[in-house]
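**Q** Got a predicted structure here, sequence first:
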Amino acid sequence: MSETRTGGIKPKHQRLVLLVIALVALIGAGLLAAYALSNQASYFYVPNDLMKDPPEQGRAIRLGGMVEKGSLKTRADGITIDFLVGDGKASVPVRFTGITPDLFVEGSGVVAEGRMDGQTFVADNLLAKHDENYVPRQMGDMTEAQAKAVVAETK
Amino acid sequence: MHAFANPARFLRLARWLMPLLLVSGLVLSMGAVLYGLLVVPPDRLMGETVRILFIHVPAAWLGMAGWSTIAIASLVELVWRHPLAAIAARAAAVPGAAFTAICLATGSIWARPTWGTWWVWDGRLTSFLILLFLYFGYIALSGAAQRDMASGGGGNRITAIFGLVGAINIPIINRSVVWWNSLHQPPSITAGKSAIDGTFLWPLLIAAVGFSLIFGGVVLARMRTLLAEIQTEARLRRKALG
């Protein structure tokens, strides 16, 4: 490698500067793309999105939020359940027929795949959403602060 | 840094460092994984499936650390033309891809009982799958580059550029659960805070250190192999020409 000086700058430094400029441009482009994707790349709507900007009836969408405490009811047929999915601002009634995942309980996070039918969200499939808290079983129920963190996290 | 530019000096160092890293890494990671499998109590919600955490999370960190190594080594290769940088970048690709694949497989096994599905196309899972494909592309390209370099081409530079450009995926993986609603949980460990109870956190951190040492050992082993390959090739070429 020749260390001839081109305009007083060492080739090593020239390469470094060029690369840094290229990297800054690349990262900028990546961040802009990610920012533009911010809505399309979301895996689900939260109830507040559905209230503000209702999607067309019958279109396949996903709804995510917390199963509201005390809202879970099983119908007479034994396999159809009704519950409310809330995000702390709004809540949407959901109907589902089938087997629920193990982690599906009142107060837990859920992502429902299905469509709007009137004011009710009819789910074909339920996915349980686990939060970032890892607590041994012996510690029993969540503390108030943890429950708040769970609600904040699904927003 | 240029003290190690001499491959002979590097090889002397790698010869004793490599087995040291591999053995200590195996002891630490096996200990932590067995402790996680047998001793740690079940999680409040996930139950026994929490035990997969001790493989999944270190594998995810190392999958990303592998590409970060490639990116840093590529930068050193492009700017300072350090003779070992291209070899270090190439050596990190296979273990990085292996850890990425382990992370995807264990995550999928964990997701089936926890979420109720093997796979979803959310931001975190999709960007991590892209990381695996980037590794495949990088391994293929660097293999071609080595043959190209042997015949006097500039293949290493193209590989290094690919390694740098691919690094844009790393912050996307890291931020995917924050920017977009995703089924994958947000980060549990952020800047000095942890939402993981100490019972799980300590074996997890020890497993992460252990897996990192194994990663370092494998990288050194791969570098020795690649250096030997290049030497052999050059010797054969000289013989054929001479």
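**A** Perfect, thanks for sending it.
**Q** element containing A:R115, please.
**A** Using DSSP states H and E, the element containing A:R115 is strand A:109-117.
**Q** heading toward the C-terminus, what's the first helix or strand past that strand?
**A** Tracing the chain past strand A:109-117, the next element assigned as helix or strand by DSSP H and E is strand A:120-129.
**Q** what's the helix ranked longest in chain A packed up against?
**A** For chain A, the helix that runs over the most residues, judged by DSSP state H, is helix A:11-36. Taking 3 or more CB pairs under 8 Å, 6 or more residues apart in numbering or on different chains; DSSP states H and E as contact, the helices and strands that helix A:11-36 lies on are helix B:53-80, helix B:155-166, helix B:169-179. For the C-beta atoms, the positions are set from N, CA and C on the backbone; glycine is no exception.
**Q** Check the offset of the last one from the chain's centre.
**A** To tie it back to what came earlier, the one meant is helix B:169-179. How far helix B:169-179 lies from its chain's middle: 17 Å, per CA atoms, centre = their mean, to the nearest Å.
**Q** what about it, near chain A?
**A** Yes. Using CB under 8 Å from any CB of the partner chain, helix B:169-179 comes into contact with chain A via B:171-172, B:175, B:179.
**Q** what does stretch B:41-56 give?
**A** Yes. Judged by CB under 8 Å from any CB, stretch B:41-56 comes into contact with chain A through B:41-47, B:50, B:53.
**Q** and residue 19, how many neighbours?
**A** Picked chain A for this. 17 (other CB atoms under 10 Å in any protein chain shown).
**Q** wrong one, I was asking about chain B
**A** Around B:P19 there are 13 residues (other CB under 10 Å).
**Q** Next up, identify which helix or strand it is on.
**A** According to DSSP H and E, B:P19 maps onto helix B:7-38.
**Q** wait, does that helix contact chain A?
**A** No. Helix B:7-38 stays clear of chain A (CB under 8 Å from any CB), getting no nearer than 11.6 Å.
**Q** Show me what that helix is packed against.
**A** On a contact count with 3+ CB pairs under 8 Å, 6+ apart, helix B:7-38 meets helix B:53-80, helix B:198-241.
**Q** So for the first one, mean pLDDT?
**A** This means helix B:53-80. Mean per-residue pLDDT for helix B:53-80: 94.
**Q** in chain A, what residue is nearest chain B?
**A** A:P101 (3.4 Å; CB to the nearest CB).
**Q** List the residue ranges of chain B that fall below the pLDDT cut-off.
**A** The model of chain B has pLDDT under 70 over residues B:1-5.
**Q** give me the residue from it nearest chain A.
**A** B:G116 (3.4 Å).
**Q** what about the nearest residue to that residue once chain neighbours are set aside, neighbour count?
**A** Nearest-residue entry for B:G116: A:P101, 3.4 Å, with adjacent residues in sequence omitted and distances by CB to CB, 6 or more residues apart in numbering or on different chains. When neighbours are defined as other CB under 10 Å, A:P101 has 19 of them.
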